[in-house]
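Peer 1: what's the 3D shape of this:
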Amino acid sequence: MGMSLNSGGHITHGLKISMSGKWFNAIGYDVDKESELIDYDNVEKLALEHKPKLIIAGGSAYSRVIDFKRFREIADKVGAYLMVDMAHFSGLVAGKGYPNPCDYAHVVTSTTHKVFRSARGGIILTNHEDLAKKFNTAVFPGYQGGPLMHIIAAKAAGFLEALQPEFQNYIKSVLANAKMLAETLKNNGFKIYSDGTDTHLMLVDLRPYNVKGNLAAESLSRANITCNKNGIPFDTEKPMITSGIRLGTQAATTRGFGLSEFKTVGELITKTLKGLSENPTDNSKIEEEVKNEVIALTSSFPIYKNL
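Peer 2: This next block holds a predicted model:
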């Protein structure tokens, strides 16, 4: 049982097109339509009804703090394992900006990139020795023929970086910048799902501007602003169209952006999408203007400096 894709979950949490959906009988839980937050009472009701062997917490487009303690209590009631997928917020956990799911989950999985900003790869964590032995056997020789030693070394370097005080400062900035970006967009008439964010990301409902997610992402890309189209909870649009976009602050924060820069980013996003709303057939003039503003902004924060 896992969060449905409709409510911000991930395709690997039981969607039929994923192997998890093919191998297992997956039950999805949704956010509450009014609060737009996880409805824990409903999660418990579904768990008691279906008696799942595994409950998954975590998602790819849910911007609020998840109550891992409540999830563990629900899992214990039905004799299920609790797995937390923290791929999208493990860096926040490492930087002390988000609750640690390892305190409650039987197993925690994560990528090692995204907010964690280490090498591209994955990790499996558990405090249970019996599960650790099973995971180790499943990885090798079960699924993996040979480890990639350079990736392991790169992960180790990333873990060392995450242990430094500077990493916590980075996470504080990521979270503050996300709130600034969300507030800027809200003040400009956009709807932010769950009315804000506790993390690095936000889900933006574009319906107030009458713009589709796929067209918005394409227009922003032409303006040198990267995001992805994303379905909003209970979206009436098809997955390849969507009514929203998902934005995150970790990459530009790493580059050096602060609150003022993210306010500017919010204004540039607004300018681009307002132009698209007013002229959906040809937004090229506004896109070119914003592109030049983006180049001017990023030029003050070079990715690397020539020595």
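
Peer 1: make it CA atoms for all contacts and neighbour counts henceforth
Peer 2: Fine.

Peer 1: please settle this for me: is V65 part of a strand?
Peer 2: No: assigned with DSSP: H, G, I helix; E, B strand; the rest coil, V65 falls outside any strand and is coil.

Peer 1: unless I'm mixing things up, L181 is touching L268, no?
Peer 2: No: with contact defined as CA atoms under 8 Å, L181 does not count as touching L268 (10.9 Å).

Peer 1: neighbour count winner among those two?
Peer 2: L181 (30 against 23; other CA atoms under 10 Å).

Peer 1: show me what the host helix or strand of the more buried one is packed against.
Peer 2: Applying DSSP states H and E as the criterion places L181 in helix 165-187. With contacts defined as 3 or more CA pairs under 8 Å, 6 or more residues apart in numbering; DSSP states H and E, helix 165-187 has these neighbours: helix 90-94, strand 191-192, strand 201-205, helix 250-255, helix 259-278.

Peer 1: how far off centre is the helix or strand of the chain with the lowest mean pLDDT?
Peer 2: The weakest-scoring helix or strand in the chain, judged by mean pLDDT, DSSP states H and E, is helix 19-23 (a mean of 88). Chain-centre distance of helix 19-23: 22 Å, with CA atoms, centre = their mean, to the nearest Å.

Peer 1: what's the answer for stretch 93-109, then?
Peer 2: 15 Å.

Peer 1: try stretch 72-90
Peer 2: Taking mean C-alpha positions (CA atoms, centre = their mean), stretch 72-90 and its chain are 17 Å apart.

Peer 1: what comes up buried for that stretch?
Peer 2: 72, 74-75, 78, 80-90 (16 or more other CA atoms under 10 Å).

Peer 1: relative to G258, which of those is nearest.
Peer 2: F89 (19.8 Å; CA to CA).

Peer 1: that closest one against V115, yeah?
Peer 2: Yes: F89 is within contact range of V115, at 6.4 Å (criterion: CA under 8 Å).

Peer 1: any common contacting residues for those two?
Peer 2: By CA atoms under 8 Å, 6 or more residues apart in numbering, F89 and V115 have these common neighbours: H200.
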